[in-house]
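**Q** Attaching a predicted model along with its sequence, questions to come.
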Amino acid sequence: MKKPSKKIVVATANRHKAAELSALLSLPGLEFVPLSDFPGAGPVEEDGRTLEENAVKKARSAAAATGLRALADDTGLEVEALGGAPGVYSARYAGEGCSYADNNARLLRALAGVPAEARRAAFRCVIALCSPDGSTVTAEGRVSGRILEEPRGADGFGYDPLFLPDGSESSFAELAAEEKNSLSHRYAAVRNMLPHLEKLADEQD
Ligand code: IMP
């Protein structure tokens, strides 16, 4: 008899990220469900000092609210010439409630006059998987590149129009979704999380 799928809640309110993660996560024996299916599970304040702290906080809170295992990620853009900023503050770099365009404009201002070779940057993503009993594993993914002098491309989200991944002629926002997914920090983090998910799929509850 076929084993029933184990449900894992994907704890993100960001529909772009939810779509990317669902496209990357397809494993027999596991069913990924969005946190929005659970109206009682409210948003979590992302006040950690590191990506790891925020990812674990989001996954733990979703696991406690739903009684299911939960997966959450936190991502930051780390720019070498800015000492690793905006990093964990990437979402609100230009201030509380700012838009992606505001963040990109602030980043361009911060790097004004910095030559191409000194505009090195990386997206870093940490994924946490938590059980309702509190046990937690994390995995990390990273993609290196540089910050362009002006936005290029209309796809993607966030800092995608300003990020040129190493080895590519196209910014993240100029790549088709599948191409970006295959290069992305989130994909690398998911790949590093896969052994834990596969083990879970095989375990008896
Ligand atoms: P989050 O906390 O994981 O939602 O990510 C923080 C911020 O990083 C987002 O608001 C985006 O501005 C940016 N970000 C995260 N992932 C990506 C990506 O794949 N491309 C571009 N920007 C991203």
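**A** Sure thing, it's come through.
**Q** Check which residues of the one helix or strand in the chain whose mean pLDDT sits lowest are buried.
**A** The weakest-scoring helix or strand in the chain, judged by mean pLDDT, DSSP states H and E, is helix 15-24 (a mean of 71). Residues of helix 15-24 classed as buried by neighbour count (16 or more other C-beta atoms under 10 Å): 17-18, 20-21, 24. In this view, the C-beta of every residue, glycine as well, is placed from N, C-alpha and C.
**Q** got the residue ranges for the strands in the chain?
**A** Here the chain has its strands, by DSSP state E, at 6-10, 30-34, 69-79, 86-87, 120-130, 136-147, 163-165.
**Q** Need the contact partners of the second one.
**A** Think strand 30-34. Contact with strand 30-34 is made by 5-10, 12, 18, 21-22, 25, 68, 71, 197, 200-201, as judged by C-beta atoms under 8 Å, 6 or more residues apart in numbering.
**Q** and residue 34, bridged to which residues?
**A** Beta-bridge partners for residue 34, by DSSP bridges, are residue 10.
**Q** ok, it - how many residues close by?
**A** Using other C-beta atoms under 10 Å, the number of residues around residue 34 comes to 15.
**Q** How much space separates it from residue 76?
**A** 23 Å (C-beta to C-beta, to the nearest Å).
**Q** swap in residue 29?
**A** To residue 76, residue 29 is 32 Å away according to C-beta to C-beta.
**Q** cool, residue 95 as well?
**A** 17 Å.
**Q** So the two - more neighbours on which side?
**A** residue 76 (24 against 9).
**Q** List just the nearest of the buried residues of helix 15-24 to residue 174.
**A** Nearest to residue 174 among the buried residues of helix 15-24: residue 20, at 16.5 Å, using C-beta to C-beta.
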